[in-house]
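Visitor: Provided below for reference: sequence and predicted model.
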Amino acid sequence: GAGVSQTPSNKVTEKGKYVELRCDPISGHTALYWYRQSLGQGPEFLIYFQGTGAADDSGLPNDRFFAVRPEGSVSTLKIQRTERGDSAVYLCASSLSVGAFFGQGTRLTVV
Amino acid sequence: DAKTTQPPSMDCAEGRAANLPCNHSTISGNEYVYWYRQIHSQGPQYIIHGLKNNETNEMASLIITEDRKSSTLILPHATLRDTAVYYCIVRDQGGSEKLVFGKGTKLTVNP
């Protein structure tokens, strides 16, 4: 595709529910990143994949958050037992060398 | 934590040059300076990066001081569409690949 695609663009869920956020990176990009952004703040790093493996997951806030990239392309960010504090824009980016390209994000609202 | 310091906001007149400063006094020898910007409701967009030499591309110029402790992003002829939050990021090319965002500078280009 032309750019990084994230679906859904908006997600409203009830507290305690499970959600999955999908990221389709630019074709051929080996690196994939997940960030989340709260209002008025810069993006906060969550996890970084190189190929299929998580090279750095130091930003995942707790064990309710998990991400996979089984075939080295599409990635899914999974959040269990959602809390109101998880409400944010979740951004995905992919990269081949220098310069990461970001998607438009998924706005998650936990009510 | 972000390794850079930027002013929270700046204004610029349309058609004039916008000079956005960034301090990175603890930068190490193998760390690059990256600039991204984020227009409202969009994902961050890569602008430019450099190690120690000044760099120019179709979007902007990057001036890095000789001691590498600070840099300036220059938008030579700012337009209203350049209104955005601009992030200066220091990143180790050889180590962890993650980008650590601070709060950035909100640039407002006025007509």
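Guide: Received the coordinates, thanks. Residues are numbered from 1 along each chain as shown, chains lettered A, B, ... in the order given.
Visitor: hmm, the lowest-mean-pLDDT helix or strand in chain B in reach of chain A?
Guide: When the helices and strands of chain B are compared on mean pLDDT, DSSP states H and E, strand B:84-92 comes out lowest with a mean of 91. Yes - Strand B:84-92 is in contact with chain A by CB under 8 Å from any CB of the partner chain, via B:Val85, B:Tyr87. From N, CA and C alone the C-beta is placed, and that goes for glycine too.
Visitor: Mind exporting the C-alpha coordinates of that strand to CSV?
Guide: Included here for strand B:84-92 are C-alpha records, laid out as CSV according to Å, rounded to 0.1, in the frame of the first residue of the first chain:
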residue,chain,number,x,y,z
ALA,B,84,2.3,21.6,13.6
VAL,B,85,4.1,20.2,16.6
TYR,B,86,7.8,19.7,15.8
TYR,B,87,9.8,17.0,17.6
CYS,B,88,13.5,16.9,17.9
ILE,B,89,14.8,13.4,18.7
VAL,B,90,18.2,12.0,19.5
ARG,B,91,18.5,8.4,18.4
ASP,B,92,21.3,5.8,18.6
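Visitor: Could you spell out the sheet neighbours of that strand, each with its direction?
Guide: Partners of strand B:84-92 in the sheet, by DSSP bridges, are strand B:31-38 (antiparallel), strand B:105-110 (antiparallel).
Visitor: buried set for it?
Guide: By neighbour count, and taking 16 or more other CB atoms under 10 Å in any protein chain shown as the criterion, the buried residues in strand B:84-92 are B:Ala84, B:Val85, B:Tyr86, B:Tyr87, B:Cys88, B:Ile89, B:Val90, B:Arg91.
Visitor: roughly how far out does it sit from the chain middle?
Guide: 5 Å (CA atoms, centre = their mean, to the nearest Å).
Visitor: Kindly report the same for stretch B:39-55.
Guide: Using CA atoms, centre = their mean, we find the averaged C-alpha position of stretch B:39-55 to lie 6 Å away from the chain's own average C-alpha position.
Visitor: and what of stretch B:77-97?
Guide: If you compare the mean C-alpha spot of stretch B:77-97 with that of the full chain, they lie 4 Å apart, counting by CA atoms, centre = their mean.
Visitor: and the gap between B:Asp67 and B:Asn23?
Guide: Taking CB to CB, to the nearest Å as the measure, B:Asp67 and B:Asn23 are separated by 11 Å.
Visitor: Equivalent analysis for B:Pro8, please.
Guide: Using CB to CB, we find B:Pro8 at a distance of 13 Å from B:Asn23.
Visitor: Among these two, which residue is more densely surrounded?
Guide: With other CB atoms under 10 Å in any protein chain shown as the criterion, B:Pro8 and B:Asn23 differ in neighbour count, and B:Asn23 comes out ahead with 16 against 9.
Visitor: Excluding chain neighbours, what is closest to that one?
Guide: In space, and not counting its chain neighbours, B:Asn23 is closest to B:Thr5: 4.3 Å by CB to CB, 6 or more residues apart in numbering or on different chains.
Visitor: One more: B:Leu73?
Guide: B:Leu20 (4.4 Å).
Visitor: per-residue pLDDT, the one you found?
Guide: The pLDDT attached to B:Leu20 in the predicted structure is 98.
Visitor: Thanks a lot, see you next time.
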